[in-house]
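1. here's a sequence, model it:
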Amino acid sequence: MAGILFIISAPSGSGKSTLVNQIRSLVDNLEFSVSYTTRPPRGSEEEGREYHFTTREKFEQMIRNNEFLEYAEVFGNYYGTARSSLTDAQAHGKDLLLDIDVQGAAQVRRKIPDAVGIFVMPPAPDILATRLRNRSRAEGGVTEEVIQRRLAEARQEIVNYREYSYILVNDILARAEEDLLAIVASERVHREGDNSIQDADRLLKLAESCRQENSGDRVYPVLKAFGLLDPEM
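-> Numbering: from 1, shown residues only. Here you go, the predicted model:
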């Protein structure tokens, strides 16, 4: 494969989209795969920016044509990553960033085992609930029932954190952004031998602290807050 495939996943409301937008604005030679979805646009979302919005019929036709690298149905809507996003990045020798859920990430890992998995955790359920409510107001309103369902879904998704190479806890946005930038830089140094990265030693050390096996001090409080204590930690 030409370049590195990065997968970033997080429960809804964890701030993943903000992190992705930041890294896209700061990192060169990093393509972003705009996913397809059958859900309607929310708020100020635009076609081709956040998602490619399509019909259920068209999406299912793409499934039959084997056009997806991964796809899943979440809350009654399809989401999927087109294979063309990967082949286009390969053709241009660029790294590719996929913003996908845990179901899609598992599908991609089976096909591309050396993909770099990054899981973003919210710091606590109450903070996640506040973020979800704030976002729902901006999007025109979501019922409390939906908020609670998404909190339950977040708990189920967090259980999958061990499937990812790196863990970020998005309690302080600036710190999470720096951690994500460090991970990309570190992988480029290790895999591509890119020695032109400024401040490489500090970034390598920071990325190492985000590796799953080194992130226990930050992950443990999150697991405790969500009632997911891990006996192996």
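
2. surely I118 is in a helix?
-> No. Going by DSSP: H, G, I helix; E, B strand; the rest coil, the assignment for I118 is strand, not a helix.

3. that one: how many residues sit nearby?
-> 24 (other CB atoms under 10 Å). Just so you know, the C-beta spots here come from the backbone N, C-alpha and C atoms, and that holds for glycine as well.

4. Y79 and D28, how far apart?
-> Y79 is 27 Å from D28, where distance means CB to CB, to the nearest Å.

5. before we move on, what about Y164?
-> 24 Å.

6. quick revisit: the more surrounded of Y79 and D28?
-> Each of Y79 and D28 has its neighbours counted (other CB under 10 Å); Y79 has more, 23 against 6.

7. elements contacting the lengthiest helix in the chain?
-> Counting by DSSP state H, the longest helix found in the chain is helix 173-192. For helix 173-192, the packing partners by 3 or more CB pairs under 8 Å, 6 or more residues apart in numbering; DSSP states H and E come out as strand 5-9, helix 16-26, strand 116-121, strand 166-169, helix 200-210.

8. how about the ones you listed in a markdown table, adding distance to V219?
-> Below are the helices and strands packed on helix 173-192 laid out as a markdown table (distance: least, CB to CB, whole Å):
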| stretch | distance to V219 |
| --- | --- |
| strand 5-9 | 15 |
| helix 16-26 | 17 |
| strand 116-121 | 7 |
| strand 166-169 | 6 |
| helix 200-210 | 10 |
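
9. which of the ones you listed has the lowest average pLDDT?
-> In terms of mean pLDDT, the lowest-scoring of the helices and strands packed on helix 173-192 is helix 16-26 (a mean of 90).

10. buried residues in that one?
-> K16, L19, V20, Q22, I23 (16 or more other CB atoms under 10 Å).

11. quick one: V222 from V189, how far?
-> V222 is 28 Å from V189, by CB to CB.
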